[in-house]
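> Below is the structure, and that's it, no one-letter string:
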């Protein structure tokens, strides 16, 4: 069977040509996903003729991972204007009352409106009053953490990291990652990479890179695996 036909018809083994039926299960080439095989023996037999196409497709997949522009990001959209949030963390603000990230544009527009109408500052999303002190803000974050809000848990973990409390940062980010928070996975990958609060572990670092679905972390993951 030719490589071209194998790439088109994945219902048959690329080596022997047997079709997938109840008793025959085909497995994809784990490197390129172009072809399928009925056994490890067939994969070994086909290796010499498949090698070049496999290498070419693997390079294409890596380029897609590195350079493809996603419709949005792991940070999601601003809940006010519905535009994708910037990857730059300083271009949005987290509201401690509802754990929503608001883009700088919507945050500024809300502040201007409040100043013009001489209103007390409120959250642009849930309209809850903005806390007057950092202590009050921390209390509100803890309330969100108590109800297992993954965004609040992640934010608290990041703040602990900044303060140098790496073990606590690891504890909170692990909890948030188990709840599916992408930023928490990014943070855990960084902790495992640098050995902060946990022993360095490249395997776990790669796992959290992949789990994050973050464009920045995916670039790092692809670079680490380019060989």
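Here it is on my side, so go on. Since the model is a prediction, treat every value here as computed from it, not as a measurement.
> How far does the longest helix anywhere in the chain sit from its chain's centre?
Counting residues, the longest helix found in the chain (DSSP state H) is helix 40-67. Offset of helix 40-67 from its chain centre (CA atoms, centre = their mean, to the nearest Å): 25 Å.
> taking the mean pLDDT, what do you get for it?
Averaging pLDDT along helix 40-67 yields 88.
> contacts for the helix or strand following that helix?
Downstream of helix 40-67, the first helix or strand assigned by DSSP states H and E is strand 92-94. Residues outside strand 92-94 that contact it (CB atoms under 8 Å, 6 or more residues apart in numbering) are 75, 78, 85-86, 100-104, 107, 151, 155. C-beta here means a position set from N, CA and C on the backbone, and glycine is covered the same way.
> ok so, going back, remind me what the longest helix of the chain packs against, helices and strands.
helix 3-8, helix 215-224 (3 or more CB pairs under 8 Å, 6 or more residues apart in numbering; DSSP states H and E).
> contacts for stretch 174-181?
148, 150-151, 153-154, 157, 183-185, 188, 208, 211.
> for residue 160, phi and psi?
Per-residue torsions, residue 160: phi -70, psi -40 (degrees, to the nearest 10).
> dump the residue contacts of it.
166, 168-169, 172.
> would CSV of these with distance to residue 201 be doable?
Written out in CSV, the entries for those read as follows (distance: CB to CB, whole Å):
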residue, distance to residue 201
166, 14
168, 19
169, 16
172, 18
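> Out of these, grab the one that's most surrounded.
Counting neighbours by other CB atoms under 10 Å, the top entry in these is residue 169, with 25 neighbours.
> Could you pull up the residues touching that one?
Each residue near residue 169 by CB under 8 Å, 6+ apart is listed here: 157-158, 160-161, 187, 191, 196-197.
> Which among those count as buried?
157-158, 160-161, 187, 191, 196-197 (16 or more other CB atoms under 10 Å).
> Closest one to residue 11 out of the contacts of residue 160, please.
residue 172 (47.6 Å; CB to CB).
> shouldn't the closest one be in contact with residue 154?
Yes: assessed by CB atoms under 8 Å, residue 172 is found in contact with residue 154 at 7.2 Å.
> quick one: low-confidence ranges for this structure?
1-8, 69-72, 213-227 (pLDDT under 70).
> show me what contacts residue 96?
131, 137-138, 140-141, 144, 152.
> gap between it and residue 114?
Counting by CB to CB, to the nearest Å, the separation of residue 96 from residue 114 is 17 Å.
> likewise residue 128?
13 Å.
> Pull up the overlap in contacts between those two.
Shared contacts of residue 128 and residue 114, counting by CB under 8 Å, 6+ apart, come down to residue 122.
> returning to what we had before: of the contacts of strand 92-94, closest to residue 55?
Using CB to CB, the contacts of strand 92-94 come closest to residue 55 at residue 75, 34.5 Å.
> I'd assumed residue 154 was in contact with the closest one.
No: contact criterion CB under 8 Å: residue 75 and residue 154 do not qualify, at 11.3 Å.
> overlap in contacts of the two?
residue 183.
> Look at these two and report which has more neighbours.
The neighbour comparison of residue 75 against residue 154 (other CB under 10 Å) goes to residue 154, with 26 against 17.
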